[in-house]
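Engineer: model the following, please.
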Amino acid sequence: MQRKPNRLVIWLAGLAVLALVLTDVLTMFAEAREMVTPPAAITAQAESGPMLVAQADQAPPRKKRRTLMDLLFGDPQEQQQQAPVVEKPVVKPKKADLPPAKPKIEKASGATRLAVFGDSMATDVGLALERLYADDPNLAVIVQGVGSSSFVRPDFFDWPKTIDQQIAANTFDIAVFIIGINDRQKMRLNDQSYGSLTPEWTTEYSARVSNVVRAMRAANKPVIWIGLPPMEAPKFGKAMIQVNEIQRLAAFSGGAEFLDIYDKFAAEDGGYTSRGPDLNGNQVRMRKDDGIHFSAAGADKLAFYVSQSLRNYYRGGGAVGIEVADPLLGTDAQLMLRPPYQGLGQMKLLEVAGAVIPLTNATRRAVGLVTADTADAVPAGFDLTQMLEAPVGRADAFGVGKVENPAGP
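Structural biologist: Numbers count the residues shown, from 1 in each chain. Presented below is the predicted three-dimensional model:
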């Protein structure tokens, strides 16, 4: 038998719902009345102008009216406002621990002074040489690069005059020169203008380079002349190859050591490449974006090649000299007698072999060769009987020689 619901419970539930509905209706009427009738403070000061608006704007916001649905199921907006805001933790990037800066070593008072002359490329090489010899107190690098300079425009910067002044002031002991990227310009000679790489231009350009090198060599200042690397722009690169060859011949004629670096910075096909192996063998960028200058890694690589040539003049003791190396050192032939130069010393031996050329060595000229066209100096003909007269064992006996005292004592 189905049980009938209790009437009292139904009445109580109905009264509760009715009370809630009446509460909502009364609240709505009260809010509407507040919106129509301004507060007393605002009404009393209605004539105070903009200040009343500011006071009305600053009134605290009214709380939202709660409805029956809010009581039964809760207000979602209120729940959202009461929900805690979880912010992502701010993670500050950890500062990278930089290696401590290497202390600069003070150069000795009598350190060898290596001056690097040339254009903006000389500046890059000079700074790289400073890094390479930073720990050597006996070698001081002096960067003398002048941007946009050349051997063509003495009106902008006169290198021959500058070198003469530097020699007179004795500001360096060894010179390194690299220049040429600004030399593809017209040259004025005797009030006439000559295009780059024309015969007149080439002759004068070569003479200027040779004169600068000769001036330094005459002052006992060894010179290492660095050639030019490949260039990215094809037309410009071809011109620099021609300038490079002019410099090579001029440097040789003046007595400088020419350091050819073209192949060391070229691609496999002999053309330009911006990348290459660094000193550790890693493929890195060797050139800057302009396709002309060296990057820091490229300049460091070039500085290493310069240091190898510098060994001929600098031994690390603060003096300029020639490092003598015995090519037979460490071999079985080291103790072997090496006629006919015994007693002349290893330096003389290497000079004769052509491995070392003294700084003061003068080039032998053809006019100094021995000639046999004078009857007074050389007798006419050769007497074969002289071989018969020579005693056995003498170098000119040729196996025929005369036996002295054949009968014996």
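
Engineer: I'd assumed Gly291 was in contact with Glu232.
Structural biologist: Yes - under the criterion of Cβ atoms under 8 Å, Glu232 makes contact with Gly291 at 2.7 Å. Quick note: C-beta positions are derived from backbone N, CA and C, even for glycine.

Engineer: find residues that contact each of the two.
Structural biologist: 272, 274 (Cβ atoms under 8 Å, 6 or more residues apart in numbering).

Engineer: tell me which stretches of the stretch 51-200 of the chain form strands.
Structural biologist: For the stretch 51-200 of the chain, the strands defined by DSSP state E, counting those that start in this stretch occupy 112-118, 139-145, 174-178, 187-189, 192-194.

Engineer: got CSV for those strands, with mean pLDDT too?
Structural biologist: Supplementary listing: these in CSV, determined by pLDDT from 0 to 100:
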stretch, mean pLDDT
strand 112-118, 97
strand 139-145, 96
strand 174-178, 97
strand 187-189, 94
strand 192-194, 95
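
Engineer: output those strands in TSV; the columns should cover mean neighbour count and distance to Tyr305.
Structural biologist: Output for these, formatted as TSV (neighbours: other Cβ atoms under 10 Å; distance: least, Cβ to Cβ, whole Å):
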stretch	mean neighbour count	distance to Tyr305
strand 112-118	25	14
strand 139-145	20	15
strand 174-178	26	11
strand 187-189	16	30
strand 192-194	12	34
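
Engineer: ok, which of the ones you listed comes nearest Gly227?
Structural biologist: Gly227 sits nearest to strand 174-178 of all the strands of the stretch 51-200 of the chain, at 8.0 Å, using Cβ to Cβ.

Engineer: what does the closest one rub up against?
Structural biologist: 112-119, 121-122, 125-126, 129, 212, 216, 221-226, 228, 256, 306, 310, 313-314, 320.

Engineer: from Leu129, how far off is the closest residue to Thr123 other than its chain neighbours?
Structural biologist: Excluding the flanking residues, the one nearest Thr123 by Cβ to Cβ, 6 or more residues apart in numbering is Gly145, at 3.4 Å. Using Cβ to Cβ, to the nearest Å, Gly145 is found at 11 Å from Leu129.

Engineer: shared neighbours of these two, which are they?
Structural biologist: With Cβ under 8 Å, 6+ apart as the test, Gly145 and Leu129 both reach Val116.

Engineer: the strands of the stretch 51-200 of the chain: which one's closest to Pro160?
Structural biologist: Nearest to Pro160 among those is strand 112-118; the distance by Cβ to Cβ comes to 11.3 Å.

Engineer: other SSEs contacting that closest one?
Structural biologist: Under the contact criterion of 3 or more Cβ pairs under 8 Å, 6 or more residues apart in numbering; DSSP states H and E, strand 112-118 touches helix 120-132, strand 139-145, helix 159-169, strand 174-178.

Engineer: can you pull the contacts of Ala140?
Structural biologist: Applying Cβ under 8 Å, 6+ apart, we find Ala140 in contact with 107, 111-114.

Engineer: swap the cut-off to 7 Å and go again
Structural biologist: Ala140 makes contact with 107, 111, 113-114, according to Cβ atoms under 7 Å, 6 or more residues apart in numbering.

Engineer: what's the answer for Gln242, then?
Structural biologist: Shown in contact with Gln242 (Cβ under 7 Å, 6+ apart): Leu197.

Engineer: which SSE is it in?
Structural biologist: Assigned by DSSP states H and E, Gln242 falls within helix 234-254.

Engineer: that helix to strand 174-178, inter-axis angle?
Structural biologist: Relative orientation of helix 234-254 versus strand 174-178 (axes from the mean of the first three to the mean of the last three Cα atoms, to 10 degrees): 150 degrees.

Engineer: after helix 234-254, which helix or strand is next?
Structural biologist: Heading C-terminal from helix 234-254, the first helix or strand you meet, by DSSP H and E, is strand 257-259.

Engineer: ok, residues contacting that following strand?
Structural biologist: Contact partners of strand 257-259, identified using Cβ under 7 Å, 6+ apart, comprise 223-227, 248, 251-252, 305-306, 309.

Engineer: wait, which of the residues you listed is closest to Glu204?
Structural biologist: Among the contacts of strand 257-259, and counting by Cβ to Cβ, the member closest to Glu204 is Ala251, at 16.0 Å.

Engineer: relative to Lys301, how far out is the closest one?
Structural biologist: To Lys301, Ala251 is 21 Å away according to Cβ to Cβ.

Engineer: more neighbours: the two, which one.
Structural biologist: Ranked by neighbour count (other Cβ atoms under 10 Å), Ala251 and Lys301 place Ala251 first, with 24 against 21.

Engineer: so the residue lying closest to the more buried one once chain neighbours are set aside: helix, strand or coil?
Structural biologist: Excluding the flanking residues, the one nearest Ala251 by Cβ to Cβ, 6+ apart is Trp225, at 4.0 Å. Assigned by DSSP: H, G, I helix; E, B strand; the rest coil, the conformation of Trp225 is strand.

Engineer: number of nearby residues for Trp225?
Structural biologist: 26.

Engineer: hang on, it packs against Ala250?
Structural biologist: No - using Cβ atoms under 7 Å, Trp225 makes no contact with Ala250, being 8.5 Å away.

Engineer: among the strands of the stretch 51-200 of the chain, which is nearest Gly276?
Structural biologist: Nearest of the strands of the stretch 51-200 of the chain to Gly276, taken as Cβ to Cβ: strand 174-178 at 18.0 Å.

Engineer: can you pull the domain assignment for this structure?
Structural biologist: According to automatic domain parsing, the chain comprises the domains 8-41, 112-310, 364-409.
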